[in-house]
Structure formats: C-alpha cells, structure tokens
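Asker: Okay, here's the prediction I keep looking at, along with the sequence it came from:
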Amino acid sequence: MSLFVILNLLTFVGILYAVFRYQQRGVSLSKSVFLGLVLGSLFGLALQFIYGEGNVEIGNTISWLYIVGGGYINLLKMVIMPLVFVSMISAVVKLDSSHGSLGKIAGLNLSVLLGTTAIAALIGIIVANSFGLDAESILHGFSAGSREAARLGALTAKQGQVDDLSLPQLLVSFIPVNPFADLSGLRSTSVISVVIFSVLIGISARQVMIEHTQLKAPIRLFVDTMQRIIMRLVRIIMALTPYGIAALMAKVIATSSLLDILNLLNFVIASYAAIALMFIVHGLLVSLVGVSMKSYFSKIWPVLIFAFSSRSSAATIPLNVETQIDKLNVPPAIANLAATFGATIGQNGCAGIYPAMLAVMVAPSVGIDPMAISFILPLIGMIVISSFGIAGVGGGATFAALIVLPAMGLPVEIVALLISIEPLIDMARTALNVSGSMTAGTITSRILGKTTDTKSLSTDQVVEGAYKI
C-alpha cells in the first residue's frame, strides 16, 4: 500500500468520523444520509482532480473503500428476503377486517402499482422519442471499455436465465417450488415467490386462528416477535447507511468517466425528465382522493431522500411504512402491504420508465418503428408483466430490461453501455419506486375510506403501530 493510498484512506476515515459526529447530534437519518452523499461525492471528485481519471492510486483506494460500500450493499441484500417474508406474514395475520378484506386491499394496491407502471412506461416512450434518443446516439463517440465488456458478459449470463421463458412460463415461475431456495434468492423471480409464499402462510395462520381460537394469541405473539426482531435488524443496517453511501458515492464519482457522462448526458437528462413527470403523476393521483400534492410531497420527502441515497426500495420499507402511518394516516395493514408490494412489484422507475426508454432507443436498429401502436401497446403490456418480482436493491432495472428487450425482439447490448451513468439514474429511479408504493397505499386507504388519525394517538402508540404492522 502506497503512502498516497494511506493518506486517501485517512482522509476518508475523517469523513466517516464527521458523519458519525453529525449523527450524534440527533439529526434525522435522511439528513445524515444526505451529508454522507455530499461528502462522499466531494471525496471522489477530489480523487479525480488530484490523480486524474484511471490512475492506479484511485483504483487501490477504491478497493479499500469497497469494504465499507460493498459491505453495506451485502447487508441490504441479506435483509431483503427476511424483511419481505416477515412483513407480508405480519400484514396478513394482523389485518383488521374493518379496513377491508385482504383481497380488496391487495387488489387496489396492485391496481395502482401496475397502473402507474403502465403510465410510467408510456411517459418513458414519449420522453425518449421527444429527446430523439436512439442507439446510435449512445454509440456515437463512445468506445466500450473493459467495464462495459465485463458488464456485457454478465448480462449475457443473466439473459440465459430468462431467454427460454415464454410469458406463461414466466408467470408460472412466480409460484414457489422450493420456498427455501427462493428465500436464498437463487432464482431471478425469488422475491415475488417469497411474497406469494408469505401471503399463503399468513392466510393459513388466519385460518388456524379462526379454527383454534386458543392459538390466536400465541400466533400473534410469535409474528409480532419476529417482526420486531427483523425490524430491529433493519434499523441497525439503516444506521450504517450514511457511511455506506459515502463510500459508494466516492466510488461512483472517482471512477466515472467525464467523457462517457458527456456522451450520455442527453440520456441522463431525458431520464430525469421522465422521472420528474412521473412524480407529478403521483401528485395528481393522490390529489384525486383528497390529498394535497404539496402536502403529500412535503411529508414523504425524507423517505425519498433516503431511497435516493441508498438505491434500495427494500431498505426503505420501514421508513415507508412509518411515514404512511404517521404522516399520511394510512392504516398499518394497508401501509405494510403497499410498501412491501411496491418494493417487488410495479416499480415505476426501474420496471416502467427504464426498459421503455431502452426499447424505444434500440427499436430502429432492428427496423421497428418505436412510435407504432403495434409496438407501443405490446411493449407497455410486457413492461407491466415484467414488473413483477423486480428486486428491491440496485440492479432490478437491469433484470427488467433483460426480460422486456428480448421479449420484444430487441438486443440487450445497450444496457452494458450505460454502466457509466447507471448509479446516477438509479438513485432517482429508486426514489420514484418508493413514491409509487406510497401513492398506492394512500389511494387504497382513501378509496376504502379507512384512515388512521395519528393525532389522537400517543407517540408510543404511533411508533408501535408503525413497527408492529
């Protein structure tokens, strides 16, 4: 290890200490995460400025920073399956009949999630066409490097997992065959399979509670205990987010190619424009059920900041649920279903906008008119179907693209070429995904006429409601 790398690491340790001291002041997690994002970005920018792009000292420094950033990502992945599994069982077991039947709540949530995904896909198509995006605009002046080549190889391997699946086979693949394998995440559709398995377990538990009333209290106690344990684990990992984000952002900025970003700048701007339009759609939808657009976004802003920084819909579930209950007055069962479904199904950013834009861009290369109705309608339908089971940690958009593009007869190579700016867009996509799930919960509770007036509850009751769900 060279002296320069040691100095770099000491500087980064100082950044982590500054974030730690800031946290000790009792500030909100979203503010600590934002500080980590800013300081990490500045550190990465300083590395670029001092050493120059591609310098070996930057690579050696980043390899050590990966202990923090990569470790944080692994912890997030570790908790996804247990979190989804326990949260879904808890939501079904503790569902209050006064809030509506499970089928009605789930149906409304899914309708909003899938409906907004269809709208997101349409927006992605329109924006990509309006900005004149096509594969040639990406390839022009762009020379694929070793990272892109490695990414293309990985994509080819992943594509093999879904290439042989027809639409009926894809739908059947959602049904769990070996739930333990799915809990291990061994399949590309493991997340949605775990959701289905968890719901079935919850329904079975409710039936047992009805048939054997003496088991009602023990079952509720067991589910509540597991819920609290998992939530405590999630909160421990969430507390590490500012440090993980600092390391990840330092890597993104330090290893980014300015030339690549400039070449792809039009795509970045178009992506953010589409995402911004979809946020407006969310605001309009909640306004239709009596919720002020301004009030809605001011209340969910801290959650969006956390989602933007962490790039994880799954890790945002606890904050998502708490905000729905505490700020938006959504009943716990509805909030929990919306947050959990939204982390795995109908992600507006990753599964809606992204594959739609890519499809429009590459369609002309194979002689397809991207604005033909005969292309747009099947594309939107495929996007909605493929939005089931998108993983809640960064990378779900890639899986969605690998399903949609081949199904539409389109090449997937363009996905590898976007690796340079992938994190920059994925942060905003994740925030949109989370907004979509909260929109679903808010709309569902208003349509059913069920809200929770948390103003009449004590602070302890609100927190308990948010984390007992």
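Answerer: Great, that's in hand. Keep in mind it's a predicted model, so treat the numbers as computed, not measured.
Asker: drop to CA atoms for contacts and neighbour counts, all remaining ones
Answerer: Noted.
Asker: Near Val268, how many other residues are there?
Answerer: 18 (other Cα atoms under 10 Å).
Asker: What strand or helix carries the nearest residue to it once chain neighbours are set aside?
Answerer: Excluding its sequence neighbours, the residue lying closest to Val268 (Cα to Cα, 6 or more residues apart in numbering) is Ile425, at 6.7 Å. For Ile425, the enclosing helix or strand under DSSP states H and E is helix 422-447.
Asker: model confidence over the helix or strand hosting Gly69, on average?
Answerer: Using DSSP H and E, Gly69 sits within helix 56-93. In this model, helix 56-93 has a mean pLDDT of 86.
Asker: Tell me which residues of it come out buried.
Answerer: 57-62, 65-66, 68-70, 72-73, 75-77, 79-93 (16 or more other Cα atoms under 10 Å).
Asker: Leu45 against Ile253, yeah?
Answerer: Yes: at 5.9 Å, Leu45 and Ile253 qualify as touching, with contact defined as Cα atoms under 8 Å.
Asker: So Leu221 versus Val321, what's the distance?
Answerer: Separation of Leu221 from Val321 (Cα to Cα, to the nearest Å): 20 Å.
Asker: out of the two, which sits in the busier spot?
Answerer: The neighbour count for Leu221 versus Val321, taken as other Cα under 10 Å, is higher for Val321 (31 against 12).
Asker: surely that one meets Ile334?
Answerer: No: Val321 is beyond contact range of Ile334, at 9.1 Å (criterion: Cα under 8 Å).
Asker: Tell me the buried residues in stretch 101-113?
Answerer: With the criterion 16+ other Cα under 10 Å, stretch 101-113 contains buried residues 102, 105-106, 108-110, 112-113.
Asker: Show residues contacting that stretch.
Answerer: The contact list for stretch 101-113, computed with Cα atoms under 8 Å, 6 or more residues apart in numbering, reads 92, 95, 334, 337-338, 341-342, 345-348, 436-437, 439-441, 443-444.
Asker: Quick one: distance of that stretch to the chain centre.
Answerer: With Cα atoms, centre = their mean, to the nearest Å as the basis, stretch 101-113 stands 20 Å off its chain's centre.
Asker: And the helices in the stretch 351-469 of the chain?
Answerer: 354-362, 373-386, 396-407, 413-417, 422-447, 459-468 (DSSP state H, counting those that start in this stretch).
Asker: where does the stretch 251-400 of the chain have low pLDDT?
Answerer: Counting by pLDDT under 70, the ranges of the stretch 251-400 of the chain that qualify are 257, 259-263, 389-396.
Asker: try 80
Answerer: Within the stretch 251-400 of the chain, the stretches with pLDDT under 80 are 252, 255-264, 309-311, 314-315, 318, 333, 344, 388-400.
Asker: where do the strands sit along it?
Answerer: Counting by DSSP state E, counting those that start in this stretch, the stretch 251-400 of the chain yields no residue ranges for strands.
Asker: and the residue positioned nearest the centre of the chain, how far is that from Arg228?
Answerer: Here the mean C-alpha position of the chain is nearest to the C-alpha of Ser313 (Cα atoms, centre = their mean), at a distance of 3.2 Å. Using Cα to Cα, we find Ser313 at a distance of 20 Å from Arg228.
Asker: ok, now how distant is the residue in the chain sticking out farthest from the centre from Val208?
Answerer: If you look at how far each residue of the chain sits from its centre, by Cα atoms, centre = their mean, the farthest one is Gln214, at 40.0 Å. Going from Gln214 to Val208 by Cα to Cα gives 10 Å.
Asker: which residues in the stretch 101-250 of the chain form helices?
Answerer: Under DSSP H, counting those that start in this stretch, the stretch 101-250 of the chain gives helices at 102-130, 135-139, 146-162, 167-173, 179-183, 190-211, 216-238, 241-255.
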